[in-house]
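Asks: Show me the folded form of this:
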Amino acid sequence: MTQRMPTYFISHGGGPWPWLPQMRAQFRNLEASLKAMVAELPELPKAVLVISGHWETEDFAVMSAAHPPMLYDYYGFPQETYSITYPAPGAPANLAQRTASLLREAGLPTRLDAKQGFDHGTFAPLYIMFPEANVPVYQVSMRHGYSPEEHFALGRALAPLRDEGVMIVGSGLSFHNLRMFGPAAKVPSEAFDAWLDGVMHEAPAQRTQSLIEWEKAPYARVCHREEDHFVPLFAALGAAEGETATRIYHDVGLMGGVTASSYRFG
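Replies: Modelled structure (predicted):
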């Protein structure tokens, strides 16, 4: 019998970090948390569905390629990192169709996308979690505009997949201001992270409302000049809206000053 899968919001790290020894050492706590996620699952997922901070479209697109290509959406890294492969199969056709149907039934504009490849918000953490690439992986895009309400609705629509063996992962970063990595990130990221952890312990209805109003958080627009790396949280939590949040990763001083966290729901 398939058991209900938890959902996650993870900080996915920088670029192709698992393939670069110095970067991998810097993200050792993140790596440990990603491995622990797999160890705590009730069973091997039938598929992993990722909402990545690196894919957004005019609607909600569902990746439907049987063998998704690679998307090297980073710059300035060693040449060999542009030939990395993560050969996980995509979602079976019936699962991609099932996912799109759930979104349409929820009134969300949806299409299948047979061309989109895995971005590093997907293939970097999944390489750590499932290094043998033996679990099907697919993505659902964010929608332009980053509406919190719409992305909570996305998560609610995806929720039935949890009872069908699908692990839902919102992949972003709880602090994402590329101009402030280093010591300047210390104060704002600490304050925002403390706010976020407090919100995670609120009653479900209040928690949702607090996240919808996330711009009221301390240093909100300093930590997220654009919220592309925060929006995946709304989808991950929307799929487990009434359930308990548990912090599964917490780093201080990352990349010279960043405080960052990841959470499990359910």
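Asks: where do the strands sit along the stretch 101-250 of the chain?
Replies: Assigned strands in the stretch 101-250 of the chain, in chain order: 110-113, 137-139, 142-143, 166-172, 245-254 (criterion: DSSP state E, counting those that start in this stretch).
Asks: deepest of the ones you listed, which one?
Replies: Across the strands of the stretch 101-250 of the chain, averaging neighbours per residue (mean count of other C-beta atoms under 10 Å) puts strand 166-172 on top, at a mean of 28. (Glycine included, C-beta is placed from N, CA and C.)
Asks: Quick one: mean pLDDT for that one?
Replies: Throughout strand 166-172, pLDDT has a mean value of 98.
Asks: next one: stretch 191-198
Replies: Here the average pLDDT along stretch 191-198 is 97.
Asks: Make CSV from the strands of the stretch 101-250 of the chain and add distance to Ala185 to it.
Replies: Formatted as CSV, those follow (distance: least, C-beta to C-beta, whole Å):
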stretch, distance to Ala185
strand 110-113, 34
strand 137-139, 28
strand 142-143, 23
strand 166-172, 16
strand 245-254, 9
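Asks: wait, which of those is closest to Trp17?
Replies: strand 245-254 (11.3 Å; C-beta to C-beta).
Asks: just to revisit the earlier point, the strands of the stretch 101-250 of the chain: which one's closest to Ile51?
Replies: Of these, nearest to Ile51 by C-beta to C-beta is strand 166-172, at 5.0 Å.
Asks: Residues contacting that closest one, please?
Replies: 5-12, 41, 45-53, 95, 121-122, 125, 155, 158, 161-162, 228-237, 239 (C-beta atoms under 8 Å, 6 or more residues apart in numbering).
Asks: returning to what we had before: so which of the strands of the stretch 101-250 of the chain is nearest Asp197?
Replies: Per C-beta to C-beta, nearest to Asp197 of the strands of the stretch 101-250 of the chain: strand 245-254, 6.3 Å.
Asks: Contacts for the next helix or strand after the closest one, please.
Replies: As assigned by DSSP states H and E, the chain's next helix or strand after strand 245-254 is strand 258-265. By C-beta under 8 Å, 6+ apart, the residues outside strand 258-265 that reach it are 6-11, 30, 33, 37, 40, 173-175, 181, 185-186, 189-190, 192-193, 196-197, 200, 233, 236-237, 239-240, 243-254.
Asks: what is the orientation angle of strand 258-265 with strand 166-172?
Replies: 160 degrees (axes from the mean of the first three to the mean of the last three C-alpha atoms, to 10 degrees).
Asks: Please name the strands paired to strand 258-265 in the sheet, noting orientation.
Replies: strand 7-11 (antiparallel), strand 245-254 (antiparallel) (DSSP bridges).
Asks: where's the residue nearest the centre of the chain relative to Pro148, distance?
Replies: Centroid check for the chain by C-alpha atoms, centre = their mean gives Ser171 as the closest residue, at 1.5 Å. Ser171 is 17 Å from Pro148, where distance means C-beta to C-beta, to the nearest Å.
Asks: So what's the residue count around Glu40?
Replies: 11 (other C-beta atoms under 10 Å).
Asks: who touches it in this structure?
Replies: Applying C-beta under 8 Å, 6+ apart, the residues contacting Glu40 are 6, 264.
Asks: mind checking pLDDT for it?
Replies: Glu40 carries a pLDDT value of 95.
Asks: What of Gly242?
Replies: 94.
Asks: Give me the spatial nearest neighbour of it, chain neighbours excluded.
Replies: Residue nearest to Gly242 in three dimensions, not counting chain neighbours: Pro204, with 4.8 Å by C-beta to C-beta, 6 or more residues apart in numbering.
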